[in-house]
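J.: Below are the sequence and a predicted model; questions follow.
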Amino acid sequence: MKFMKLGSKSDCFQTDGNIRCVATELSTDITVHVADVKFYLHKFPLLSKSARLQKLVSSSNEGKGDEVHIHDIPGGPTAFEICAKFCYGMTVNLNAYNLVAARCAAEYLEMHETVEKGNLIYKIDVFLNSSIFRSWKDSVIVLQTTKNLLQLSEELKITPRCIDAIASKASVDVSKVDWSYTYNRKKIPEENGDDANWNSVRNRTVPNDWWVEDLSELGIDFYKRVIVTLKNKGLVSNEVIGEALKDYAHKKLPPSGKSVKIQHNDVLKFRSILDTIVYLLPAEKGSISCSFLLKLLKGALSVDSGERVTMELVKRIGQQLEEASVTDLLIRPHDGEGSTAYDPLIVKKMLEEFTTQDRTTEIEMEHEGEFQEIRRPGILSQASKLMVAKLIDGYLAEIGKDPNLPLSMFLGMAEMVSSFSRPRHDGLYRAIDTFLKAHPGISKSERKRICKLMDCKKLSPEACMHAVQNERLPLRVVVQVLFFEQARAAASSGSSTPDLPKAIKNLNCGSSRSTNTNNDEDWDGVASSQELRALRGEIAGLRLGSGVRKSGENRINNTDKAAISKMKGLIMSKKILSTIWSRKEKGRDDNSGSDSSESLGSTNIDELKGTPTMRGRHSVS
């Protein structure tokens, strides 16, 4: 720390409670009242350097003695004592901690060069320019001390010059920065002086954010001005500024969480800090991590920052939503507002912002006097879409446990990412199953609509195994999963399995269209455990029969009808499956002309009963 020593005489000030006097042979002839402290001094040394004291003494009532009252002097009795000692030529040590108070007091007392050459104001200004503003540590300390004398410090240009000095040093290339610039940094073991390689430590590379920790000690108003000046200079990267804001928020804001209670008196303070941090966020995407933005959002909701700040954060998060995690998105409603455990509406707004980036934009540009329409595709990559789709699947699986979550909210968010291609729909299936488990009272049409979101062909074998035992799914979904499971098993074993009938393919989670309304309702019904076991047996029999066809076209159609007729006890009607299967087989036989030596009808009921089934049921909730 830099300091300046003024005067050469020994300190003769004596203190007795609230009384200060100079120990000399000459009796004092003026009393100066500063707040509740009395100074018994001499006129000559004071009046020779202070124009204000000259005016006050000349206007005082001589009948009551020479008494001067200056209760409003900046810095109070301590600052006045420094000025008085300077007038007497006594030794005074000025440093970053008392410099501002002394400078403001000298300004109040009008200790200018016009009164006497080499006066206190001149000497302090020289010290500020030659030492303080050239030192990183002293500049930060001086800036902090101006808080108590802010108005006069602003008028004297001390505060803005400190801010500019700090911003200039933080903008210096790191190759020209020495570790001694930082004074809050914890020392590494080698810096204690015991290491023989100390010189190599001195020359170690300085990180780009070396100044971040020191500036975190500033109040929010000064911090804002420093960061704005840094951004205006344009010499510090947005990533470093982002790290600085993150460090400041970590130190100044309370941790987020349901158990954290903010005192009423602190709400305004925290709101001011958070609003300022959001204002200072770099505009460039990626300069701030999505996790940090979500923490700011949770903090903004807890202190009720307002719609503007909240929507700004929502917009920023939505632009880089692929970086978020499911835990980050579990945002609780402010003060228990709403009926749901978490706030899905605010996450939906983030998702809307994300999908907006994928829309085609139309721009009209004038060319040779005519306007031409230019279409620009969205900027989202397939990888980003896939990550967000998986993120929303996981998020829906979490909030789907809430029985108060509306179906419209679940469907709305799921449909927004339905166009995002992903190789597996296991996450979506888990979300759907979780929602169905927590909402057993939804209607058949609602159950059908929610299952329509899922593509059964994209379920893993494990998910298929669970789905065929899931009593919460509509029957059409179970049928489709079983067919795809059999086809996949046959393909993996290398056996010949016919293509799935087109009508079964059209049963993709309720997408088929039937002319029979009653049959459609049966498809949408929920199968019982007995029906599921019987259905698995029938499909196994169908697969067995399809693998050994060697008869003619007419025989195939007759045996298919016979096999389908065995499913009368199931919810689905004989008419649907017979039509589906016969049409498919007729088309195949017309092309191949092959015969089947063993018909599907040869499979008896006892064989079907002996077909292995999965009797246990479980949930992935």
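T.: All right, it came through fine.
J.: Model confidence for V481, exactly?
T.: Confidence at V481, expressed as pLDDT, is 84.
J.: what's near enough to touch it?
T.: 456, 459, 464, 467-468 (C-beta atoms under 8 Å, 6 or more residues apart in numbering). In this view, the C-beta of every residue, glycine as well, is placed from N, C-alpha and C.
J.: ok, now how distant is it from K169?
T.: 66 Å (C-beta to C-beta, to the nearest Å).
J.: Same check on K349?
T.: Relative to K169, and taking C-beta to C-beta, K349 is found at 41 Å.
J.: One more: T434?
T.: 55 Å.
J.: So which of the two has more stuff around it?
T.: When T434 and K169 are compared for neighbours, T434 comes out ahead with 22 against 18, by other C-beta atoms under 10 Å.
J.: Excluding residues flanking it in the chain, which one is nearest the more buried one?
T.: In this structure, T434 finds its nearest non-sequential neighbour in G400, 4.0 Å apart by C-beta to C-beta, 6 or more residues apart in numbering.
J.: Please save the CA atoms from stretch 97-109 in CSV.
T.: Extracted C-alpha coordinates of stretch 97-109, given in CSV (Å, rounded to 0.1, in the frame of the first residue of the first chain):
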residue,chain,number,x,y,z
TYR,A,97,-7.9,4.7,3.8
ASN,A,98,-7.8,8.3,5.1
LEU,A,99,-6.9,10.1,1.9
VAL,A,100,-10.5,10.8,0.6
ALA,A,101,-11.6,12.2,4.0
ALA,A,102,-8.6,14.4,4.2
ARG,A,103,-9.1,15.6,0.6
CYS,A,104,-12.7,16.5,1.2
ALA,A,105,-12.0,18.2,4.5
ALA,A,106,-9.3,20.3,2.8
GLU,A,107,-11.7,21.3,0.1
TYR,A,108,-14.2,22.3,2.8
LEU,A,109,-11.6,24.4,4.6
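J.: what's it in contact with?
T.: 50-53, 70, 72-75, 78-80, 82-83, 94, 119-121, 124-125, 127-128, 132, 141-142, 145-146, 148-149, 152-153, 156, 158.
J.: Contacts only, for the closest residue in space to I19 that isn't next to it in sequence.
T.: Among residues not flanking I19 along the chain, K38 sits closest, at 5.2 Å (C-beta to C-beta, 6+ apart). Counting by C-beta under 8 Å, 6+ apart, K38 touches 18-20, 31-32.
J.: in a strand, that's where K38 is, yeah?
T.: Yes: the assignment for K38 is a strand, going by DSSP: H, G, I helix; E, B strand; the rest coil.
J.: hey, what's it bridged with?
T.: I19, H33 (DSSP bridges).
J.: any low-confidence regions in the protein?
T.: Filtered on pLDDT under 70, the chain yields the residue ranges 61-65, 179-204, 256-261, 335-338, 360-378, 492-621.
J.: quick one, strands of it?
T.: Ranges of strands in the chain, per DSSP state E, are 3-6, 13-16, 19-22, 30-34, 37-41, 67-69, 92-95, 361-367, 370-376.
J.: name the helices or strands packed onto the first one?
T.: Using 3 or more C-beta pairs under 8 Å, 6 or more residues apart in numbering; DSSP states H and E as the contact criterion, the neighbours of strand 3-6 among helices and strands are strand 92-95, helix 120-130.
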